[in-house]
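Colleague: how would this look folded up:
(2 chains)
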Amino acid sequence: MHKFANPARFMRLSNIVLPWITGLTILLFALGLYYSLILAPEDYQMGNTYRIIFVHVPAAYMAQFGYGVIAVSSAIGFIWKHPLADQAARATAPIGAAFTALALLTGSLWGKPMWGTYWIWDARLTSMLILFFLYLGYIAVWQAIEDQVKAAKIASIVSLVGLVNVIIIKFSVDWWNTLHQPATLMRMDGPTIGGNMLIALLLMIAAFNMFFVAVLFWRIQSLILQRRIRSLRLQLGGGLG
Amino acid sequence: MATTPLNKGLKAGARKKRRLYLLVTSLLVLGLAIVLVLNALEDNIRLFLDPTEIVEKGIKPGQQFRLGGLVENDSFESHHEGNIMVNKFVITDGNESLPVVYEGLLPDLFREGQGVVAEGHMNEAGIFVASEVLAKHDENYMPKEVIDSLKKRGQWQEGEKGGTLTPKDKNS
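Modeller: Got it, this is the predicted structure:
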């Protein structure tokens, strides 16, 4: 663990890994889109409209995955005081927020023709909206507190408190009755989708995941560089101007 | 955690352990609190009532609520009154059922055997007057061709998959 907590080592390692991750992202998106738009057949109820799940479901997964990354990094940062863990958590927040927004937006666009409404305050939709606000709140904490050490500490507590919401999102459709349907993939009795539809969905999830990792690495790199610039400026006595 | 008088004498390792315990216990307490709150609010978080609950609770006419269940087979009829489409159907949960009347356009997924959620109130005659009808989509995705060939062989009943009540709709 300590080996990777060194920012300089992270810069070196990520520079080697990043081109591969980027290439894999492009490959997975090309394959995933080919399956989603061409090979996957029409759904028996919704025709072609269902194809939005190839964006909606991966985006919603990444929204929750992102929050998990923040929570785990925050816990490591809080307990072991690894500066890199704090930076990783901070770097993840805008990515997760963007995926949450995408999931909400695509769901809303699908909801109008299928359900008959863009929005309903059921447990799944509401907990997803709360996730979006948690992301914004987390970002705001980092922005509002000047002292980086203090900001890291408070932000990590905020993120860990919000972690319970991710559990609520997952089980909201099982615990309460909702308009949103129950899980299609992650269920005890196996997925209720098959063939090329399933392959398309899994490929798109993999593509989104790789994209997430690539962007996260770029963002951590740029945060490390920002800190380096800041400390160099302070050393030169020029202040932050 | 900064060095406070409390943990001043402790070594770095002991402080780490203390932070770990602090974090784990606070999260457990928080989790417990949330579970209690959600339990207390259960009725408010649920989106709709099913016909059995309406009958059991004896809801007064005029009171607004959401009713959810399946559109009963062979119960749907609609006609035009001027420019307005008047739809009549029955919502059932397999146990009790309630007649519904709704004026307006229905969503694409609406059909017999399909899950729906309707907002409105009961009138004096015991009919649910809906101001909005939403279709529930289930978690099943199937290629059109598969269903078409099943239909051809007579092995598919309308509403068979789309119409299955999930356990939580029935009892939670």
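
Colleague: A:Tyr135 and A:Gln64 touch, don't they?
Modeller: No - applying Cβ atoms under 8 Å, one finds A:Tyr135 not in contact with A:Gln64, separated by 11.1 Å. Yep, even glycine has a C-beta here, placed from its N, CA and C like the rest.

Colleague: Could you point out which residue ranges in chain B have low pLDDT?
Modeller: Flagging of chain B using pLDDT under 70 yields the residue ranges B:1-9, B:155-172.

Colleague: Revised request: answer the last question for chain A.
Modeller: Along chain A, the model assigns pLDDT under 70 to residues A:1-5, A:238-241.

Colleague: any common contacting residues for A:Tyr135 and A:Gln64?
Modeller: Common contacts of A:Tyr135 and A:Gln64 (Cβ atoms under 8 Å, 6 or more residues apart in numbering or on different chains): none found.

Colleague: Measure how buried residue 141 is and give me the count.
Modeller: The chain I'm using is chain A. 21 (other Cβ atoms under 10 Å in any protein chain shown).

Colleague: ah, no, chain B please
Modeller: Neighbour tally, B:Tyr141, other Cβ under 10 Å: 24.

Colleague: Report the secondary structure state of the closest residue to it other than its chain neighbours.
Modeller: Leaving aside its sequence neighbours, B:Tyr141 sits nearest to A:Ile193 (Cβ to Cβ, 6 or more residues apart in numbering or on different chains; 4.1 Å). What DSSP: H, G, I helix; E, B strand; the rest coil gives for A:Ile193 is coil.

Colleague: and A:Ile193, how many neighbours?
Modeller: 24.

Colleague: now the one 3 residues further on
Modeller: Using other Cβ under 10 Å, A:Asn196 has 15 neighbouring residues.

Colleague: Helix or strand for it, just tell me which one.
Modeller: Per DSSP states H and E: A:Asn196 is located in helix A:195-236.

Colleague: ok, A:Pro94 to A:Gln64 distance?
Modeller: A:Pro94 sits 16 Å away from A:Gln64 when distances are taken as Cβ to Cβ, to the nearest Å.

Colleague: Of A:Tyr135 and A:Gln64, which one has the most company?
Modeller: Set A:Tyr135 next to A:Gln64 and count neighbours by other Cβ under 10 Å: A:Tyr135 wins out with 26 against 20.

Colleague: which residue sits closest to the closest residue to chain B within chain A in space, ignoring its chain neighbours?
Modeller: Relative to chain B, the nearest point of chain A is A:Gly116 (3.4 Å; Cβ to the nearest Cβ). Nearest-residue entry for A:Gly116: B:Pro107, 3.4 Å, with adjacent residues in sequence omitted and distances by Cβ to Cβ, 6+ apart.

Colleague: Okay, helices next: where are they in chain B?
Modeller: For chain B, the helices defined by DSSP state H cover B:12-40, B:42-45, B:51-57, B:144-152, B:167-171.

Colleague: nearest to A:Lys81, of the ones you listed?
Modeller: Closest of the helices of chain B to A:Lys81 is helix B:12-40, at 8.1 Å (criterion: Cβ to Cβ).

Colleague: So which elements touch the closest one?
Modeller: helix A:53-80, helix A:148-175 (3 or more Cβ pairs under 8 Å, 6 or more residues apart in numbering or on different chains; DSSP states H and E).

Colleague: As a markdown table, these with distance to chain B would be great.
Modeller: Below are the helices and strands packed on helix B:12-40 laid out as a markdown table (distance: least, Cβ to the nearest Cβ, whole Å):
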| stretch | distance to chain B |
| --- | --- |
| helix A:53-80 | 5 |
| helix A:148-175 | 5 |
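
Colleague: so of the ones you listed, which one's packed in deepest?
Modeller: helix A:53-80 (a mean of 22; mean count of other Cβ atoms under 10 Å in any protein chain shown).
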